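Enquirer: Give me coordinates for this.
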Amino acid sequence: MIKRGLVVLALALTSAAAKEAETGNPGRGEEYFRACASCHSLTPNHNMTGPSLAGVIGRKAGTLASFQRYSEALRSSDVTWDDRTLDAWLEKPDAFIPGSRMTFAGIRQAQIRADIVAYLKQAMTSSRAQAGPSVGVPGDPDLKKLDPENKVVSITYCPDTYRVTTADSQTQDFWERNLRLKTDSSAIGPDKGAPALFGAGMQGDRASVIFSAPEEISAFIKRQC
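Expert: Residues are numbered from 1 along each chain as shown. Take a look at the predicted model:
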C-alpha cells in the first residue's frame, strides 16, 4: 500500500510538473522578464528599443501601429503571436524569422520560455504586470518631473565644447563627442523647452541631453565663445 501510494504521489507530481511546464509560471516569468525589460515595456504603446509587448498575445507580428522600426522580415512574416509562436521566437529568433534584426540569441530552456509567455499573458489583464518587474529593472523616469540638477536651462557651444547649465545654477563642460543629443516624444518625455540631462559612462565625462523633439535641438543650443 505504501509503495502504491508513493507511485500515485509520484505520478501526481509528474503530472503537475508537466502541466506547469505546459502553462508556465508567471511569477518566475516576471523574474526572467527583467532581461527583456531594458528593450520592451509592458505599458501600451510605450515603445523602447523594441515595441511594447502589452497585448502581444493574438497580435500579428510587425503590426503595432505606434512602433516604426520593424524590419521588413517581421512585417512580412505572417506570424501571429500565441503560445507556440512566442515559444519558437524566444528559443531562437533568427531561425524562426530570419532577417528580423533581433539581437537576442534565444533561450534554450523550455520551462523558462513557458514562464515568460505566462507572464506576458498575465500582463494582458494585470496593471501590476504592465508596470514591469517590481524589482531589478528601474522604470524610465518621467522627464516632465525633473530635479533641478537634471533640468537644462541653457546650452552653449564653442568648438569643441558644450557648456550645459541646469536649474540648480551648475554648469558642466563636455567635449562635443561626449555629449549625446537625444529626443523622447513619448508621454513621459520632457516638456518643450525643458530638456533633461543625465550622466552616462563611469568617468562622469559623458552625458545625454534629451529634448522633446528634434527641431528643438538647434534652436536651444547657442553658439557662444
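Enquirer: next structured bit after the lowest-mean-pLDDT helix or strand in the chain?
Expert: The helix or strand of the chain with the lowest confidence, counting by mean pLDDT, DSSP states H and E, is helix 2-23 at a mean of 48. Using DSSP states H and E, the next helix or strand after helix 2-23 towards the C-terminus is helix 26-33.
Enquirer: Alpha carbons only: can I get the next helix or strand after that next one in CSV?
Expert: Moving toward the C-terminus from helix 26-33, the next helix or strand (DSSP H and E) is helix 72-75. What follows is helix 72-75 as a C-alpha-only set of coordinates in CSV (Å, rounded to 0.1, in the frame of the first residue of the first chain):
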residue,chain,number,x,y,z
GLU,A,72,10.7,44.1,-43.3
ALA,A,73,11.2,40.4,-42.4
LEU,A,74,9.0,40.8,-39.3
ARG,A,75,6.3,42.9,-41.2
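Enquirer: low-scoring stretches of this protein, by residue?
Expert: Along the chain, the model assigns pLDDT under 70 to residues 1-22, 126-140, 202.
Enquirer: repeat that with 90
Expert: Counting by pLDDT under 90, the chain has low-confidence residues at 1-23, 38, 43, 46, 101, 103-104, 123-142, 186-188, 200-205.
Enquirer: Can you give the domain ranges for it?
Expert: In terms of domains, the chain is parsed into 18-130, 148-223 (source: automatic domain parsing).
Enquirer: Reformat these as CSV; add mean neighbour count and distance to P141.
Expert: In this view, the C-beta of every residue, glycine as well, is placed from N, C-alpha and C. Output for the domains of the chain, formatted as CSV (neighbours: other C-beta atoms under 10 Å; distance: least, C-beta to C-beta, whole Å):
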stretch, mean neighbour count, distance to P141
domain 18-130, 17, 13
domain 148-223, 15, 7
